[in-house]
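Asks: Sharing a model that was predicted from the sequence below.
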Amino acid sequence: MVLKDFFMGMSQNQFLNNAAKKYGLKMGAQSVVAGTNIDEMIQSVKELNIHGISATIDNLGEFVLEEEEAIKAKNQILEVIEAIHANEVDAHISLKPTQLGLDIDYEFCKQNLKEIVSKASEYAIFINFDMEDYGHLKPSFTLIDELSTEFDNIGTVIQAYFYESVKNIEKYKDYRLRIVKGAYKEPETVAYQDKKDIDQNFLKLIEYHLLSGKFTSIATHDHHIINHVKQFVEENNIPLDKFEFQMLYGFRKEMQLELAKEGYNFCTYVPFGDDWYGYYMRRLAERPQNIKLVVKQVFNK
Ligand code: FDA
């Protein structure tokens with residue numbers, strides 16, 4: 001718990017975040033971040049595609065407070081969309097509303113997102129709105145509601161640790177949804193704290209959406225959850241093309257390949273770019289054992 005809190009605290013340290021951007025990929029992040037530029041990222045996606053694995057690409061960045069930075073992020077994501085199309089790779093986009101200016105101005109953020117969703121829809125590329133911390137939950141859903149009146153290539157994430165996720169999954173049952181446990185530190189006024197409660201809610205939400213018939217992305221590295229889902233889809237005759245498993249780039253690589261080989265749809269979340277710091281610290285918080293990766297990288301120079 002102490003290490004978890006330590007890394008969660010580090011993930012929000014703006015000074016270290018800026019320093020990390022300046023000095024490139026370090027501290028072991030290379031193993032979980034697919035490069036700092038589009039060429040390196042596309043190469044990683046092609047390698048995944050060879051193994052029958054699709055990708056959801058995250059141009060890393062979050063909690064942006066400068067308009068210029070949000071516009072830069074928007075332009076980079078538009079370039080990624082062009083690169084997906086030009087390279088004909090099996091991939092779509094994951095993005096975070098705070099990277100596109102949600103903390104600056106709602107309408108400014110919406111306009112940035114609209115440009116992205118509109119460009120992607122020209123190429124039939126799906127855009128997933130990642131869900132961030134509780135403070136951004138409501139405006140993120142409102143953005144989805146408003147953009148969905150014009151576009152149908154949008155989906156989002158339901159985080160099982162929030163009490164209100166049961167209500168949200170009902171409201172968004174007609175969307176393609178990724179279901180996760182939840183990655184941010186949240187108070188007990190809004191979120192379950194106990195792993196048992198989170199896991200129980202996670203399974204409930206997954207089962208609900210699988211039975212609703214809309215496409216479900218089950219995003220977890222937890223083999224207990226994965227084994228439960230395998231059994232559930234078989235018992236309930238859920239077709240293979242109605243769901244996929246997702247894991248993060250660089251995690252449980254053998255299991256990723258194995259699930260794809262077994263015939264399940266598999267999609268790897270591929271983060272890339274120089275704004276890797278917050279993402280990487282949250283991964284260390286989830287699994288402090290990953291600190292081993294850091295030590296190895298630092299001493300293998
Ligand atoms: P968890 O960390 O609870 O681990 C459960 C068990 O699984 C462990 O005890 C261990 O046995 C096993 N295990 C886990 N990792 C392992 C490893 N690397 N090697 C071996 N065993 C391992 N969150 C969010 O808030 N918003 C979002 O938009 C997203 N998006 C997202 C996309 C994708 C593709 C993924 C995989 C995850 C997210 N998340 C997220 C993060 C998510 O909410 C969650 O924090 C992490 O996935 C960690 O939870 P897990 O379900 O993976 O298992």
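Replies: Noted; the coordinates are in hand.
Asks: Identify all contacting residues around stretch 137-154.
Replies: Here stretch 137-154 makes contact (CB atoms under 8 Å, 6 or more residues apart in numbering) with 97, 102, 106, 109-110, 113-114, 117-118, 120-121, 124-129, 131-132, 156, 162, 168, 172, 175. Any C-beta I mention is one placed from the backbone N, CA and C, and that applies to glycine too.
Asks: Could you list which of those belong to strands?
Replies: Secondary structure from DSSP state E places Ile127, Asn128, Phe129, Thr156 of the contacts of stretch 137-154 in strands.
Asks: Let's see the pLDDT reported for Gly263.
Replies: Per-residue pLDDT puts Gly263 at 98.
Asks: isn't it right up against Glu244?
Replies: No. Using CB atoms under 8 Å, Gly263 makes no contact with Glu244, being 11.5 Å away.
Asks: quick one, which of those two is more surrounded?
Replies: Glu244 (21 against 9; other CB atoms under 10 Å).
Asks: Confirm the more buried one sits in a helix?
Replies: No. Counting by DSSP: H, G, I helix; E, B strand; the rest coil, Glu244 is not found in a helix; it is strand.
Asks: gap between it and the ligand?
Replies: For Glu244, the distance to the ligand equals 10 Å [CB to the nearest ligand atom, to the nearest Å].
Asks: Not counting its neighbours along the chain, what's nearest that residue?
Replies: Closest residue to Glu244 apart from its sequence neighbours, by CB to CB, 6 or more residues apart in numbering: Asn265 at 3.6 Å.
Asks: Tell me the secondary structure at Lys214.
Replies: At Lys214, secondary structure determined by three-state DSSP is coil.
Asks: got the contact list for Ala73?
Replies: Asn59, Gly61, Val64, Gln99, Leu100, Asn112.
Asks: can you tell me the helix or strand for it?
Replies: Take DSSP states H and E as the rule and Ala73 turns out to sit in helix 67-87.
Asks: Give me the distance between the residue nearest to Glu244 and the ligand.
Replies: Distance, Asn265 to the ligand, by CB to the nearest ligand atom: 13 Å.
Asks: same question, Tyr279
Replies: Taken as CB to the nearest ligand atom, the span from Tyr279 to the ligand is 10 Å.
Asks: how distant is the helix or strand encompassing that residue from the center of its chain?
Replies: Applying DSSP H and E as the criterion places Tyr279 in helix 277-286. Centroid separation between helix 277-286 and its chain, computed with CA atoms, centre = their mean, to the nearest Å, is 13 Å.
Asks: avg pLDDT for it?
Replies: Helix 277-286 comes out at a mean pLDDT of 82.
Asks: can I get the CA coordinates of it in PDB?
Replies: The C-alpha atoms that make up helix 277-286 are tabulated as PDB, following Å, rounded to 0.1, in the frame of the first residue of the first chain:
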ATOM      1  CA  TYR A 277       5.700   9.700 -17.100                       C
ATOM      2  CA  GLY A 278       2.200   9.800 -15.500                       C
ATOM      3  CA  TYR A 279       1.200   6.600 -17.400                       C
ATOM      4  CA  TYR A 280       4.300   4.800 -16.300                       C
ATOM      5  CA  MET A 281       4.000   5.800 -12.600                       C
ATOM      6  CA  ARG A 282       0.400   4.500 -12.500                       C
ATOM      7  CA  ARG A 283       1.500   1.200 -13.900                       C
ATOM      8  CA  LEU A 284       4.200   1.000 -11.100                       C
ATOM      9  CA  ALA A 285       1.500   1.900  -8.600                       C
ATOM     10  CA  GLU A 286      -0.700  -1.000  -9.800                       C
END
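Asks: by contact count, what packs against it?
Replies: With contacts taken as 3 or more CB pairs under 8 Å, 6 or more residues apart in numbering; DSSP states H and E, helix 277-286 sits against helix 2-11, helix 14-23.
Asks: count of neighbours near Glu254?
Replies: 7.
Asks: Kindly apply the preceding question to Tyr106 instead.
Replies: Neighbours around Tyr106, by other CB under 10 Å: 15.
Asks: From Ser140, how far off is it?
Replies: According to CB to CB, to the nearest Å, Tyr106 and Ser140 sit 11 Å apart.
Asks: my guess is the residue nearest to Glu244 meets Phe245, correct?
Replies: Yes. With contacts counted by CB under 8 Å, Asn265 reaches Phe245, the gap being 7.3 Å.
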